[in-house]
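[1] the following comprises the amino acid sequence and a computationally predicted model.
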Amino acid sequence: RLELADRRKERNHRHCRLHKHCHVLSPSAISNKMETETASFAIDDIETVIKSSIGSVLTDTQYNPTKINDQINSIISATLKGLQSLRRPYKYTTTAILMQKNGAGLVSAASTYWDAERDGLCKVMWENQTMHCVVTVFGTCVNVDEDEKAEDSTKKEE
C-alpha cells in the first residue's frame, strides 16, 4: 500500500512539473490533468454544496423542536443531491447535527481508515441566534487506478 502511495506521489509530481514548465499541453497532459481533478476530493466545491443546502433550509428560521426532523432530512437530502451534481467518482456519507443554542456543550469525533491521497472529509459549522448546525461529508473514491488493478492481478497470479 505504501509503494502505491509513493507511485501516486511520483506521478502527481511529474504532472505538476509538466504544467509548471510547459505553456502548451499535450492531449495526454490534458487528459491526466482532468483525471486528477475528477479523482480528487474537492473540498471547496463540497463546502459550497453544504453551505447552500444549509442556507436553503435554515435561512430566517428559529429553532423549533417539531420541525427539526424535517429540517435535518432536507439538509442531508439537498447536500447529497448537490454532491451527485458534482459528478465525481465518490461514495458520500453525510451527517448533520442540529442543536438548540442554549449554552450546552457538544463534542463530536470521527476516525477514518482510507486512502489519504484521494478520500477526504469536509465539515461546515453554521449558527444563528437560536441553533447550531454541523454538517460533515465523508467522501470515498470509487475509482481504482490502473496501477492498483495491475498490482492486484500480479498478487493473484503468485
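    Cool, the structure landed.

[2] tell me where this structure has strands.
    For the chain, the strands defined by DSSP state E cover 90-100, 120-127, 131-141.

[3] and among the ones you listed, the most buried is which?
    Across the strands of the chain, averaging neighbours per residue (mean count of other CB atoms under 10 Å) puts strand 131-141 on top, at a mean of 20. All C-beta atoms are positioned from the backbone trio N, CA, C, and that covers glycine.

[4] which secondary structure elements does it contact?
    Contacts defined by 3 or more CB pairs under 8 Å, 6 or more residues apart in numbering; DSSP states H and E place strand 131-141 against helix 43-58, helix 68-85, strand 90-100, strand 120-127.

[5] as JSON lines, the ones you listed with mean pLDDT would be great.
    JSON lines is the format used below for the helices and strands packed on strand 131-141 (pLDDT from 0 to 100):
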{"stretch": "helix 43-58", "mean pLDDT": "96"}
{"stretch": "helix 68-85", "mean pLDDT": "97"}
{"stretch": "strand 90-100", "mean pLDDT": "96"}
{"stretch": "strand 120-127", "mean pLDDT": "96"}
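
[6] possible to save these as JSON lines with distance to residue 137?
    Below are these laid out as JSON lines (distance: least, CB to CB, whole Å):
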{"stretch": "helix 43-58", "distance to residue 137": "6"}
{"stretch": "helix 68-85", "distance to residue 137": "7"}
{"stretch": "strand 90-100", "distance to residue 137": "5"}
{"stretch": "strand 120-127", "distance to residue 137": "5"}
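
[7] so which of those is nearest residue 110?
    Smallest distance to residue 110 across those (CB to CB): 7.1 Å, for strand 120-127.

[8] thank you kindly, that will do.
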